[in-house]
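Visitor: What would the 3D arrangement of this be:
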Amino acid sequence: MLEIAFLFLHVNNLENATDAPISPVHMADVAVAVFCALLFGVLILSSYVALYLQHYWSSFLIICLAITLPVRLRMLRQAHARKKFFDLRHIS
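Guide: Here you go, the predicted structure:
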């Protein structure tokens, strides 16, 4: 949850530093990051509940999903940045 607060602080600082409006693409990235952070929190919480109820395999699977979520998000961001870089190279 601290990451979400830091992300919003960072976005607010960027808005205050420049007068340029935030692009819709940037807002979509923020929305995806917030959604993934909330989903990560829900998965961790449900893992704790599964452990409390002694459903060990369910807890293990939920933890695996929670681990793959940030990894997948990073892979998507890198692919998006790579695509954006190559699109910019073809323009000039």
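Visitor: Which other helices and strands does the helix of greatest length in the chain contact?
Guide: The helix that spans the most residues within the chain, counting by DSSP state H, is helix 56-91. Contacts defined by 3 or more Cβ pairs under 8 Å, 6 or more residues apart in numbering; DSSP states H and E place helix 56-91 against helix 24-52. Bear in mind the C-beta positions are built from the backbone N, C-alpha and C, glycine included.
Visitor: Where does pLDDT dip in this structure?
Guide: Counting by pLDDT under 70, the chain has low-confidence residues at 1-25, 88-92.
Visitor: let's see 80
Guide: In the prediction, the chain carries residues with pLDDT under 80 at positions 1-29, 81, 84-92.
Visitor: What count of nearby residues applies to I62?
Guide: By the measure other Cβ atoms under 10 Å, the count of residues near I62 is 21.
Visitor: How about the contacts made by it?
Guide: 43, 46-47, 50 (Cβ atoms under 8 Å, 6 or more residues apart in numbering).
Visitor: one more time with 6 Å, if that's ok
Guide: 43, 46-47 (Cβ atoms under 6 Å, 6 or more residues apart in numbering).
Visitor: does L73 really touch A37, like I thought?
Guide: No. Counting by Cβ atoms under 6 Å, L73 stays clear of A37, with 9.4 Å between them.
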